[in-house]
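Engineer: below is the sequence, then the predicted model.
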Amino acid sequence: MKLQDTLSNSEQELDVSKKVRIYLCGVTVYDESHIGHARTIIVFDVLRKYVERKGTEVEFIQNFTDVDDKIINRAQSENTTTEEISSKYIKNYFKDFDGLNVKRATNYPKATEHIDDIIKFIEKLIGKQIAYTSKNGVYFSISKFPEYGKLSKKKIDELQSGARIEVDEAKIDPLDFAVWKFSDAEPAWDSPWGKGRPGWHIECSAMSIKYLGENFEIHGGGRDLIFPHHENEIAQSESYADSTFAKIWMHVGMVTINGEKMSKSLGNIKSIKHVLENWGANIIRLFCLSGHYSKPIDYSEELLNENLTKWRQVETCYYELIHADSENHEDVKPIIEKTSTEFNNALESDFNTHLALSAFFQLVKEANRLAAEEKLGKEDARIIKTELQRMIDILGLSIPEMTENEKKEIDNLIESREKFRKEKQFEDADKIRDKLNEMNIELIDHKERTVWMKKENIKAEN
RNA sequence: GGUACUCUGGCAGAACGGUUAUGCGUGGGCCUGCAAAGCCUAUACAAGGGGGUUCGACUCCCUCGGGUACCUCCA
């Protein structure tokens, strides 16, 4: 499959004939995760599920940044320790992302648990005279990495002239960045150069190389990480290893709200918790996948509602397939083949989830058409459902299973409603229908029979 | 100011140098005891403005304009 690589600015072939190693820059755990984080992580979740579905093993590493100024500040303002802040928000993270049906990564390394690796990493950089010690910390010297700027396509002299950061006089070059910051205040660790804590970028270099090796397949994150985070990671890692770092750099566009980036400073955050409560995982996932991953996507109730409509069609389809029992039938193989091919081709071609969703909805629509026309035989339904389920799995959607008892109860109620209808006692029949509706069961009356479906309860719909 | 990306019908959003994208919405219809759901059908003079290349451009080039992001922490 082909993916757009930020570094070469071209599509690169992802080799799926052997294990695919992915490193995704995760979150800094100092606050609740929001829908912007969700988008990036959901995109990678689907990518991972798709590759795995092809039969290729995926090693998926996603870090937690648990040492950082923001965490320290937060701990101070809440009068607690950084450990408590980070563990609280890690717990929170898993609650959110398990709720979003995101498969757990192979490993979630934390910076604080890799201080030794980070120190060894820095030692090697110092040994190669690529990093140097100054009065405030240890710095990476960008002049030792002539390709600095290659990822973000920035020219070093332009960066310097435009820099609005206060220049630290102890640095050789204003663009040099800290790999180790001296500090006696907790959290701090001893190092050969003095007590302190790691700089932001170094953890990802040290941990990605530790877990995935010096050159792995995909390194990703949000677009806003291209500079300086990923630029600096490349500088460190390639200097360290004297070889090419990640083969493909994949960056996910921002979630905007009214056209503006969702960010804490603008105060326009939609937390995952909030959106999950109101819309549920399926609709959020459809929303996040509704545009090309590299482009921004604008958050709005209107768009979520559109995805709700689509999700209802999927639910209907699912239950129609389960209950299918028509005498007549139509050859469904061409439909399955067409939509399945389109779905795969879309993902193969720079992971175009929007087109993949189109194919998915087309299959849904065809199945619903057959059901409406009473042309859906048991066997047809079975093979459509197999393919539909495959797509659902890759997209990470889920339709909750129902217990046999629940089904029996529903069947019984439908049966008594049928009796009332035959006897034209519509008031009693409608009472039963209302009762079922309260259980989120919707009835679909076909000519000869009634099919039921369980609707996911979406709070925002009411 | 610099750099990158972006500008498609009411909304969302693709592909492609020449063929209807598609979905949502909207109108009509089918089904139904009535609904709902679903289906069918119709609907959009669409390409930010202006130039150019071309037999032909939404698609390539130039230019002007709008937007967003990054240049500081950020998914």
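Structural biologist: Perfect, I can see it now.

Engineer: not counting sequence-adjacent ones, nearest residue to the residue in the stretch 1-150 of chain A that RNA strand B sits nearest to?
Structural biologist: With C-beta to the nearest atom of the strand, the shortest gap between the stretch 1-150 of chain A and RNA strand B falls at A:Gly36, namely 2.4 Å. Using the backbone N, CA and C atoms, a C-beta is placed for each residue, glycine as well. Closest residue to A:Gly36 apart from its sequence neighbours, by C-beta to C-beta, 6 or more residues apart in numbering: A:Val255 at 4.1 Å.

Engineer: for stretch A:282-289, output the C-alpha coordinates as PDB.
Structural biologist: Output in PDB follows, covering the C-alpha atoms of stretch A:282-289 (Å, rounded to 0.1, in the frame of the first residue of the first chain):
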ATOM      1  CA  ASN A 282     -19.200   4.700  16.300                       C
ATOM      2  CA  ILE A 283     -20.300   8.100  15.200                       C
ATOM      3  CA  ILE A 284     -17.000   9.700  16.400                       C
ATOM      4  CA  ARG A 285     -15.000   7.200  14.400                       C
ATOM      5  CA  LEU A 286     -17.100   7.700  11.300                       C
ATOM      6  CA  PHE A 287     -16.600  11.400  11.700                       C
ATOM      7  CA  CYS A 288     -12.900  11.200  12.200                       C
ATOM      8  CA  LEU A 289     -12.600   9.000   9.100                       C
END
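
Engineer: bridging residues for the residue nearest to A:Gly36?
Structural biologist: Counting by DSSP bridges, A:Val255 forms beta bridges with A:Ile297.

Engineer: tell me the mean pLDDT for the helix or strand where the residue of the stretch 1-150 of chain A closest to RNA strand B lies?
Structural biologist: Element membership for A:Gly36, per DSSP states H and E: helix A:35-53. Taken as a whole, helix A:35-53 has a mean pLDDT of 95.

Engineer: need the pLDDT of A:Ile432.
Structural biologist: For A:Ile432, the predicted pLDDT is 96.

Engineer: same thing with A:Leu347?
Structural biologist: pLDDT for A:Leu347: 93.

Engineer: and the residue of the stretch 1-150 of chain A closest to RNA strand B, how many neighbours?
Structural biologist: Neighbours of A:Gly36 under the rule other C-beta atoms under 10 Å: 25.

Engineer: give the contact list for it.
Structural biologist: Shown in contact with A:Gly36 (C-beta atoms under 8 Å, 6 or more residues apart in numbering): A:Gly222, A:Met254, A:Val255, A:Lys261, A:Met262, A:Ser263.

Engineer: swap in 10 Å and give it another go.
Structural biologist: For A:Gly36, the contacting residues are A:222, A:224, A:252-257, A:261-263, A:269-270, A:272, A:288, A:297, A:299, by C-beta atoms under 10 Å, 6 or more residues apart in numbering.

Engineer: give me the subset of those residues lying in strands.
Structural biologist: Residues of those located in strands (DSSP state E): A:Gly222, A:Val252, A:Val255, A:Thr256, A:Ile257, A:Lys261, A:Ile297, A:Tyr299.

Engineer: touching RNA strand B at all, stretch A:321-337?
Structural biologist: No: using C-beta under 7 Å from any atom of the strand, stretch A:321-337 never reaches RNA strand B; the gap is at least 11.2 Å.

Engineer: between the helix or strand hosting A:Ala381 and helix A:35-53, how big is the angle?
Structural biologist: For A:Ala381, the host element (DSSP H and E) is helix A:378-395. With axes from the mean of the first three to the mean of the last three C-alpha atoms, to 10 degrees defining the directions, helix A:378-395 sits at 130 degrees from helix A:35-53.

Engineer: so after helix A:378-395, what's the next helix or strand?
Structural biologist: helix A:404-422.

Engineer: which elements pack onto the helix or strand that that next one is followed by?
Structural biologist: Using DSSP H and E, the helix or strand that follows helix A:404-422 towards the C-terminus is helix A:426-438. Helix A:426-438 is packed against helix A:404-422, strand A:441-445, strand A:450-454, with contacts defined by 3 or more C-beta pairs under 10 Å, 6 or more residues apart in numbering; DSSP states H and E.

Engineer: dump these to TSV, plus mean pLDDT, mean neighbour count and distance to RNA strand B.
Structural biologist: Converted to TSV, these look like this (pLDDT from 0 to 100; neighbours: other C-beta atoms under 10 Å; distance: least, C-beta to the nearest atom of the strand, whole Å):
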stretch	mean pLDDT	mean neighbour count	distance to RNA strand B
helix A:404-422	95	14	5
strand A:441-445	95	16	3
strand A:450-454	95	19	7
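
Engineer: just to revisit the earlier point, which of the contacts of A:Gly36 are close to RNA strand B?
Structural biologist: The subset of these lying close to RNA strand B, counting by C-beta under 7 Å from any atom of the strand, consists of A:Gly222, A:Asp224, A:Val252, A:Gly253, A:Met254, A:Val255, A:Thr256, A:Lys261, A:Met262, A:Ser263, A:Ile297.

Engineer: I'd say the second one and A:His251 touch.
Structural biologist: Yes: under the criterion of C-beta atoms under 10 Å, A:Asp224 makes contact with A:His251 at 8.7 Å.

Engineer: looking at the two, which is more packed in?
Structural biologist: With neighbours defined as other C-beta under 10 Å, A:Asp224 and A:His251 compare such that A:His251 has more, 21 against 15.
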